[in-house]
Each structure stands twice: as C-alpha cells, then as structure tokens.
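Asker: Return a 3D structure for these sequence lines:
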Amino acid sequence: MMTYIHEEHATLAAILDNYPASIPAIEDESEWLLLATGSSVNAAVSAKYYIESLSEVRVTIAEPFHYQHFEKHNPAIRTVIAVSQSGESTSTLHALAQLKKQFPVKTVGLTSKPQSELAKTADTFVQLDIGEERVGYVTKGYVATILTLMLMGLRHAHAAGAIDDAREGRELAILREAVQAIPSIIDTTESFFSRWEDDLVSSPRFTCIGYGPAVGVCMEMATKFTETVRVPSQGIEMEVFMHGPYFEINPQHRLFFLDVPSVAQERLRLLREYEKRHTQYVYTLTPGQSEDPHTLALNVDSPENVLPLLMIIPFQILAHHIAEGKGNNLPQRIFTDFGVAVKSKTKPGDYA
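Answerer: Sure, this is the predicted structure:
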C-alpha cells in the first residue's frame, strides 16, 4: 500500500498534464447517473460536489445491483457513467447492459483496464491512468478516480459553455496546487502516527465523522480500515451520527472528526467537545493549521469540494500502519476465490 501511496503525487500530476486530451467532453447538461460500488462509489461521492459546482448538471450516484433490481430509472437521465477500477464488477456490468437495452442512454466506462469487460461494454471508455496497482486495498487508484471524475466535470462544464477559458485555467491551478501538497501530507501523517501509534494500534473501534463533500472521505475511511485494520470501523455523516449512533460511544472508542471550514463547522466542534467528555481518544483532521497534538493539520488551502482528494490520504496511511501494528499480514492474499464464488467479479483479482 505505501508503495502506491508514494506514487499518488506523480500519478495525479500526470493525469492533470494529460488534460484535456484524455478526457471526453460529455454534452449532456442535465442529469448524470454514476454507477459504482465499493471504493468506486466512495470516490464518486467525493467528486460529486465538485462536478455539480461547475455547471447545471446534477449527479445521481447509485449502487448498481440495487439500482438495477429495485430503483425506478429516471427517464431524464441521458448519461450513465460506470466506474470500476478493475472493470470486472459484475453488478456494474449487468446494470449498465440493462440500462443500454431499455433506455436511450449514452454510457461511459471509467476503468484502469482497457481490455476489461467494462471498457468493451460502454459506448465511451475513459482510461483511469494509474499504470498497475496490484494490491487489493486500492489507494492510488482511489484518488485517481476522484481526480478523473472531477476532470470529467471540468471538461463538460467548459465544453457546455458553463465556464470560460479563464475559469477552467483557475480550476486546473487549484487542482495542481492540491496535488503538489501530497508529499507534505504524507510526512505530516507519518509524524502524527508516530505520536499516537500505541493508542491507534490498540483501538477496538473507529468512527470517522464529517459533513458535506467530506462524507465521501468518511465512507472510504470505513472501507479501508475494515479491509486492513479489521476491527469495526464506520464512516458516518455528522447529522446521522447525532441522531442515534452517538449512544454507542464508550471510553475505548476512537473518533476522527473532519473539521472543514463550512456551514456545519460550529456544530461539528460542539459535537467533538461533547464526545471528549466520554472518550479521551478524540482526533481531528483539518485542512488548516493547528497546534493541538490530537489534530492532524494538513496546512492546505483548497476549496471544500476539492478537499476529499487530499483528506483521504492520511486515512490510507493510517490504515496501513495500524494494520501492520496489529500484526495483520497485508501482503498475504486471503479470500482469493471470493469474487468468483459470490459472482461479484468476472474473474479473480490479479493482486500481489
């Protein structure tokens, strides 16, 4: 995992350098449906608000199996974007095929595998340009998915006339500045883990709480910790947490609060101070600066809807280090027959 995390900076910089040639211009200005599952759906949630901030397009995100079998399709949707890093997720492929058969939609497949079933099925193929990531606990591919979706939104907005050349240039500059911060974020996270290693490794339970675009970060934190640390871990939207799950908190619970400058910041801080009365293991992740030792401060100046691209990186690193501290042998392949056995993948994953 750490090998690929250290490659994130160069990978994302290259994706930006290849814009706009590598990104098709989607003409549809109204409704997009993003089909994704696992980390791909977390990435879609993380990119949604940036895409919608640039034009009139509205983005609906759905788990493909549930959407295919239980949801009523909105006939106003003309563009369906299917996201799968492997390109072999059966639920995504089946839902996409059914939508193409029943409705007049244009389909776009976003995957890192040009020879995958998704690349062959979709009308338009978008390369998730990450090279190879042969670790099942995706990191580099995850942030690359967020950035590529953001760039698809940017390309669309410019092609549709929703933004001009100057705005497009400013947005690219913001994204480049964010990507340039990745090496320092890695260093800062390493220092934070060294300070709190014993407390984090001994944790029986993790919860990450956020709001707005940061909810995607919470979701992927839960996915990554569950996959690697292998103790109960949840990522939850702040209001949802405040309407029931707060009853669970006990003195051994480890809480991460995503403190982002936004409309809900005051409420999140009130909640954090309240929870400090019930557990000493309260940590904060903020894009700004802080002298508080329990706060992992990234010292970046990115807009709220860009921050999910950066704020997930500390959780990727912590997931790896806490898992190793617990003695979990991450390179050892486990459940290698799972995807084929339960028909969630068309073929076994090619992971080291």
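Asker: hey, where'd the helices end up in the stretch 101-250 of the chain?
Answerer: 117-121, 140-159, 165-180, 182-201, 215-228, 238-241 (DSSP state H, counting those that start in this stretch).
Asker: for residue 333, helix, strand, or coil?
Answerer: coil (DSSP: H, G, I helix; E, B strand; the rest coil).
Asker: What count of nearby residues applies to it?
Answerer: If you count neighbours by other CB atoms under 10 Å, residue 333 ends up with 12. No exception for glycine: its C-beta is placed from N, CA and C like everyone else's.
Asker: can you check residue 170 too?
Answerer: 12.
Asker: looking at the helices of the stretch 101-250 of the chain, which is closest to residue 302?
Answerer: Residue 302 lies closest to helix 165-180 among these, at 4.8 Å (CB to CB).
Asker: average pLDDT across that closest one?
Answerer: Averaged over helix 165-180, pLDDT sits at 98.
Asker: can you list contacts of it?
Answerer: Helix 165-180 is contacted from outside by 9, 12-13, 16, 19, 54, 147, 150-151, 154, 157-158, 163, 300-303, 306, 309-310, using CB atoms under 8 Å, 6 or more residues apart in numbering.
Asker: Output that helix as CSV, restricted to C-alpha atoms.
Answerer: Only the C-alpha atoms of helix 165-180 are listed here, as CSV (Å, rounded to 0.1, in the frame of the first residue of the first chain):
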residue,chain,number,x,y,z
ASP,A,165,-11.2,29.5,-20.5
ALA,A,166,-10.1,31.7,-17.6
ARG,A,167,-12.3,29.7,-15.1
GLU,A,168,-11.0,26.4,-16.5
GLY,A,169,-7.5,27.6,-16.0
ARG,A,170,-8.1,28.7,-12.4
GLU,A,171,-9.7,25.3,-11.6
LEU,A,172,-6.7,23.4,-13.0
ALA,A,173,-4.4,25.6,-11.0
ILE,A,174,-6.4,24.8,-7.8
LEU,A,175,-6.1,21.1,-8.6
ARG,A,176,-2.4,21.3,-9.3
GLU,A,177,-1.8,23.1,-6.1
ALA,A,178,-3.7,20.4,-4.2
VAL,A,179,-1.7,17.6,-5.8
GLN,A,180,1.6,19.4,-5.0
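Asker: Any chance of JSON lines for the helices of the stretch 101-250 of the chain, columns distance to residue 283?
Answerer: As requested, the helices of the stretch 101-250 of the chain are exported to JSON lines (distance: least, CB to CB, whole Å):
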{"stretch": "helix 117-121", "distance to residue 283": "37"}
{"stretch": "helix 140-159", "distance to residue 283": "21"}
{"stretch": "helix 165-180", "distance to residue 283": "22"}
{"stretch": "helix 182-201", "distance to residue 283": "7"}
{"stretch": "helix 215-228", "distance to residue 283": "12"}
{"stretch": "helix 238-241", "distance to residue 283": "15"}
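Asker: The ones you listed: which one's closest to residue 46?
Answerer: helix 215-228 (3.2 Å).
Asker: relative orientation of that closest one and helix 140-159 in degrees?
Answerer: Interaxial angle of helix 215-228 relative to helix 140-159 (axes from the mean of the first three to the mean of the last three CA atoms, to 10 degrees): 160 degrees.
Asker: mind checking how far helix 215-228 is from the chain centre?
Answerer: Here helix 215-228 is found 8 Å from its chain centre; the criterion is CA atoms, centre = their mean, to the nearest Å.
Asker: List the buried residues for it?
Answerer: 215-228 (16 or more other CB atoms under 10 Å).
Asker: Format these as a markdown table; extra columns: distance to residue 114 and pLDDT.
Answerer: Formatted as a markdown table, those follow (distance: CB to CB, whole Å; pLDDT from 0 to 100):
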| residue | distance to residue 114 | pLDDT |
| --- | --- | --- |
| 215 | 32 | 98 |
| 216 | 26 | 98 |
| 217 | 29 | 98 |
| 218 | 32 | 98 |
| 219 | 28 | 98 |
| 220 | 25 | 98 |
| 221 | 30 | 98 |
| 222 | 31 | 98 |
| 223 | 26 | 97 |
| 224 | 26 | 97 |
| 225 | 31 | 98 |
| 226 | 30 | 97 |
| 227 | 26 | 95 |
| 228 | 28 | 96 |
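Asker: can you name the two of those residues that are farthest apart?
Answerer: So, the buried residues of helix 215-228 by CB to CB: farthest apart are 215 and 228, at 20.8 Å.
Asker: Spatially, what comes nearest to the residue nearest in space to the middle of the chain if we skip its sequence neighbours?
Answerer: What sits nearest the mean C-alpha location of the chain, by CA atoms, centre = their mean, is residue 43, with 3.0 Å. Nearest non-adjacent residue to residue 43, counting by CB to CB, 6 or more residues apart in numbering: residue 145, 4.0 Å away.
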